[in-house]
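Chemist: Prediction below, plus the sequence it came from.
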4 protein chains.
Amino acid sequence: MDISTKERLVNEGMRLFGEQGYRATSINQIEKAAGLVPGCGALYNHFKSKEALLTAGIDRQLDRRRAMRDISALFAGLGDLRTELTLLCRYLLSVLDQEGEFLQVAARTPAADSARVHDAYAALVDGLCTELAGWLTACAPDLAPADARRVATLGVNALLGKRVSSIVFRAPQPDIADEDYVAEWTVMLADRIESLRQN
Amino acid sequence: MDISTKERLVNEGMRLFGEQGYRATSINQIEKAAGLVPGCGALYNHFKSKEALLTAGIDRQLDRRRAMRDISALFAGLGDLRTELTLLCRYLLSVLDQEGEFLQVAARTPAADSARVHDAYAALVDGLCTELAGWLTACAPDLAPADARRVATLGVNALLGKRVSSIVFRAPQPDIADEDYVAEWTVMLADRIESLRQN
Amino acid sequence: MDISTKERLVNEGMRLFGEQGYRATSINQIEKAAGLVPGCGALYNHFKSKEALLTAGIDRQLDRRRAMRDISALFAGLGDLRTELTLLCRYLLSVLDQEGEFLQVAARTPAADSARVHDAYAALVDGLCTELAGWLTACAPDLAPADARRVATLGVNALLGKRVSSIVFRAPQPDIADEDYVAEWTVMLADRIESLRQN
Amino acid sequence: MDISTKERLVNEGMRLFGEQGYRATSINQIEKAAGLVPGCGALYNHFKSKEALLTAGIDRQLDRRRAMRDISALFAGLGDLRTELTLLCRYLLSVLDQEGEFLQVAARTPAADSARVHDAYAALVDGLCTELAGWLTACAPDLAPADARRVATLGVNALLGKRVSSIVFRAPQPDIADEDYVAEWTVMLADRIESLRQN
DNA sequence: GATGAATGAGGTTTCATTCAT
DNA sequence: TATGAATGAAACCTCATTCAT
């Protein structure tokens, strides 16, 4: 029920890193947000340094991601390509949404400040592409691996671009509803896969 | 050959803002990079404040963008949908590459620091979508505007996602060459448009 | 014996503000004078800003003044007008001497820097005039209030002018000893009051 | 008709020194107020340094004061002590008003910044006391010089206190009109002088 | 005589961190 | 575990002054 001080520090730290960037966020701000008296370095009772807090936040995000992995396997075998693609698209979007805070942090934290952040980003995107490619292959076994990979990458990027716009750049694309976007995405990928299978 | 101090300040400022973020970049760094003695506030002979330098940089980027606009009109009328789409895709990627520094700055500058930055981002993406949608409509006049917009947004996002990954998150997707990506993008959009025209 | 850092900061701050003026006094100077390492912003552990330090100093002065108030009541009822006036004159001078540091600060701090300082000054002088006028009335009940006020104001100003010269402008009037000045002041006011009573 | 740049610099410099203090006033402010482009050091075409400008301003004030001196001689010989004292009181007040800007500068400029300022202040007050004492002696030749000096000093201080309150501390004493103050001052000094003559 | 640019010094304030309590 | 205080470094920015034009 009670949430520990350490956890609160990670929560507020990641939130503020996402909003303002790592360098632009002061330890005072984090302490204040976590309900501690700012300026007293209470954070140092829980983390060795500011960077250690960031690392802990990233690691927590990686853990969460690992826990979510392979949920997409549940969607397989429904038989209908379009239905499965729709579910998968929604799944990918929800992953990106869950990673929204992390995406912000990664975007606002230059590689010089934390290599780990950028490794985690690369792993995230690569993981999603691999996941989607694997699913495409599972669902259309006669697809060439390179083809699957190419289509999957484009599919992931199309979703990533949309979410990055709204989450990182805070510029949502309000003229197109998520529903319609998912539908369009599904059609394009399904058509393309069917077209590739025929060759 | 001669490049004015003011221009050098904008150049180096935007470069550093892109690399490190606005807040994380110090005026000393910018002055040093521009060949001035740091710590003397020489920057303030040219700009009222750090934020004014950022604003000048954004405005310069907006000017450059305006100058590039409508070049895509040159590609129209080649007759072959796939050829035109290929050119257009390359054009969009080159625009994003030219805006790379700006994308970095925008990603690393929270809205609280500069609303103008985020307005410029929204204008950029919206402009590209509008441009692409307009081109699709010109090339397939029987396309419903909403359809064109949807396809265009997805197309732009697919490119944006790719470039943001490499430019902002410094996580290129090296397993797929740009050429192949362009080809895939072209095929998917062309197929989709042709499919939409038949209805 | 022990005097807290916060108190030391107020002490030294007010002393330096008095000597040099508020704007001309740097926080480094104050920190150094208070025995802290300058340039580290140690002052900010105790005060929100430079202005907060000034405000604290003014408030402390106001407190001290309140504590001194109405001591003059002790002098009343001696029966002899001249004796009482002499005591009162010495009292007023001692108040001004105690407020010497504050007078310096007020003189050297333009209203734009701190309205509170100038309010405090007005309250001080007005308080002294009121106090003296009240005493005159108590000691010569048939005096018209306006007459008492006028005489009191002139009496206070005559002392204020002398002390401001020496304290604020550092130009003492060494040709006349304080004792003689007090005597002259007493005679002039006593004569005037007696003259006013007869009408 | 045209007022030279140099003169404008002295005018605006003294005005700003009076309002804000010497240290708190920047050369940029003075240049801007004088209609020059700030930050270009145009002031240095006319004065060797900021302090030289202050010195020039003080010297100009001293010149003006010298030009006014001995005007009081005009009032002598009217025969009526009270009439002459009234005129003299008005004269002294007008001198203080004319020196208002200088009084501000002197109050806000610590001695460390300019010894000349404080010498000028001492000379001003001493001059006024001497002038008044001389006039008292001229008008009542049987007055002991020490008596005259004492009364004169008190008289000058009573006016100085009033004007310093309003000019330097910006705390006018609005409950008593200048007219009434002059009348009270006249009566008190006249009574006192007459009383001294009888002994 | 006026200006744009440069510079060393220093202004107020914030920051990450440490330490005694 | 939390806090108040201290500190070195560095942030943004201003200042007085100089110099070439």
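Modeler: That came in fine, so what should we check first?
Chemist: Checking stretch A:46-60 against chain B, do any of its residues make contact.
Modeler: No - using CB under 8 Å from any CB of the partner chain, stretch A:46-60 stays clear of chain B, coming no nearer than 12.9 Å. Any C-beta I mention is one placed from the backbone N, CA and C, and that applies to glycine too.
Chemist: What residues sit buried inside that stretch?
Modeler: A:His46, A:Phe47, A:Lys50, A:Leu53, A:Leu54, A:Thr55, A:Ala56, A:Gly57, A:Ile58 (16 or more other CB atoms under 10 Å in any protein chain shown).
Chemist: How confident was the prediction at A:Glu184?
Modeler: Note for A:Glu184: predicted pLDDT of 98.
Chemist: Restrict the one helix or strand it maps to to CA atoms and write it as CSV.
Modeler: Secondary-structure element containing A:Glu184, defined by DSSP states H and E: helix A:178-198. What follows is helix A:178-198 as a C-alpha-only set of coordinates in CSV (Å, rounded to 0.1, in the frame of the first residue of the first chain):
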residue,chain,number,x,y,z
ASP,A,178,-6.2,6.2,-33.7
GLU,A,179,-8.9,3.8,-34.9
ASP,A,180,-8.6,5.0,-38.5
TYR,A,181,-4.9,4.9,-38.3
VAL,A,182,-4.9,1.3,-37.1
ALA,A,183,-7.2,0.4,-39.9
GLU,A,184,-5.1,2.0,-42.5
TRP,A,185,-2.0,0.4,-41.1
THR,A,186,-3.7,-3.0,-41.1
VAL,A,187,-4.8,-2.7,-44.7
MET,A,188,-1.5,-1.6,-46.0
LEU,A,189,0.4,-4.3,-44.3
ALA,A,190,-2.1,-7.0,-45.0
ASP,A,191,-2.2,-6.1,-48.7
ARG,A,192,1.6,-6.0,-48.9
ILE,A,193,2.0,-9.4,-47.2
GLU,A,194,-0.6,-11.0,-49.5
SER,A,195,1.2,-9.5,-52.5
LEU,A,196,4.5,-10.8,-51.3
ARG,A,197,3.1,-14.3,-50.7
GLN,A,198,2.0,-14.7,-54.3
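Chemist: what's the angle between that helix and helix B:178-198?
Modeler: Using axes from the mean of the first three to the mean of the last three CA atoms, to 10 degrees, the interaxial angle of helix A:178-198 with respect to helix B:178-198 works out to 110 degrees.
Chemist: quick one, domains of chain A?
Modeler: Following automatic domain parsing, one gets these domains for chain A: A:5-50, A:69-198.
Chemist: Kindly report the residues of chain A close to DNA strand E.
Modeler: Applying CB under 7 Å from any atom of the strand, we find that chain A lies next to DNA strand E at A:23, A:25-29, A:39-41, A:44, A:48-51.
Chemist: Please work out how many residues are found near the closest residue to chain C within chain A.
Modeler: In chain A, no residue comes nearer to chain C than A:Gly39, which is 7.3 Å away by CB to the nearest CB. A:Gly39 is flanked by 13 other residues according to other CB atoms under 10 Å in any protein chain shown.
Chemist: Any regions of chain A where pLDDT drops low?
Modeler: Across chain A, the ranges flagged by pLDDT under 70 are A:1, A:70, A:72-73, A:75-76, A:199.
Chemist: Packing partners of the longest helix seen in it?
Modeler: Among the elements of type helix in chain A, defined by DSSP state H, the one spanning the most residues is helix A:115-139. Of the remaining helices and strands, those touching helix A:115-139 by 3 or more CB pairs under 8 Å, 6 or more residues apart in numbering or on different chains; DSSP states H and E are helix A:50-68, helix A:81-98, helix A:100-108, helix A:145-167.
Chemist: Highest mean neighbour count out of those?
Modeler: Mean neighbour counts were compared across those using mean count of other CB atoms under 10 Å in any protein chain shown; the top stretch is helix A:100-108, at a mean of 24.
Chemist: Other residues contacting that one?
Modeler: Defining contact as CB atoms under 8 Å, 6 or more residues apart in numbering or on different chains, one finds that helix A:100-108 is touched by A:14-15, A:17-22, A:24, A:54, A:57-58, A:61, A:96, A:117-118, A:120-121, A:124, A:163-164, A:167-168, B:21, B:107-108, B:110, B:168-169.
Chemist: And stretch A:5-14, by the same measure?
Modeler: If you take CB under 8 Å, 6+ apart as the criterion, stretch A:5-14 is touched by A:3, A:25, A:30-31, A:33-36, A:42-43, A:46-47, A:53-54, A:56-57, A:60-61, A:101-102, A:105.
Chemist: Over in chain A, which residue gets nearest DNA strand E? Let me know.
Modeler: Here chain A gets closest to DNA strand E at one residue, A:Gly41, 2.6 Å apart by CB to the nearest atom of the strand.
Chemist: ok now do that residue, which residues does it touch?
Modeler: Residues in contact with A:Gly41, defined by CB under 8 Å, 6+ apart, are A:Ile27.
Chemist: If we use 10 Å, what do you get?
Modeler: A:Gly41 makes contact with A:Ile27, A:Asn28, A:Glu31 under the criterion CB atoms under 10 Å, 6 or more residues apart in numbering or on different chains.
Chemist: A:Arg116 too?
Modeler: A:Arg116 is in contact with A:Glu51, A:Leu54, A:Thr55, A:Ile58, A:Asp59, A:Leu62, A:Thr109, counting by CB under 10 Å, 6+ apart.
Chemist: got those residues as CSV, with distance to chain C columns?
Modeler: CSV is the format used below for these (distance: CB to the nearest CB, whole Å):
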residue, distance to chain C
A:Glu51, 23
A:Leu54, 25
A:Thr55, 29
A:Ile58, 31
A:Asp59, 34
A:Leu62, 38
A:Thr109, 27
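Chemist: which of these sit farthest apart?
Modeler: Across the contacts of A:Arg116, the two members that end up farthest from each other (CB to CB) are A:Glu51 and A:Leu62, 16.2 Å apart.
Chemist: any idea how far B:Arg23 is from the residue of chain A closest to DNA strand E?
Modeler: Taking CB to CB, to the nearest Å as the measure, A:Gly41 and B:Arg23 are separated by 22 Å.
Chemist: for A:Ala107, same thing?
Modeler: Computed with CB to CB, the distance linking A:Ala107 and B:Arg23 is 14 Å.
Chemist: shared neighbours of those two, anything?
Modeler: When contacts are counted by CB under 10 Å, 6+ apart, A:Ala107 and B:Arg23 have A:Gly21, B:Arg108 as shared neighbours.
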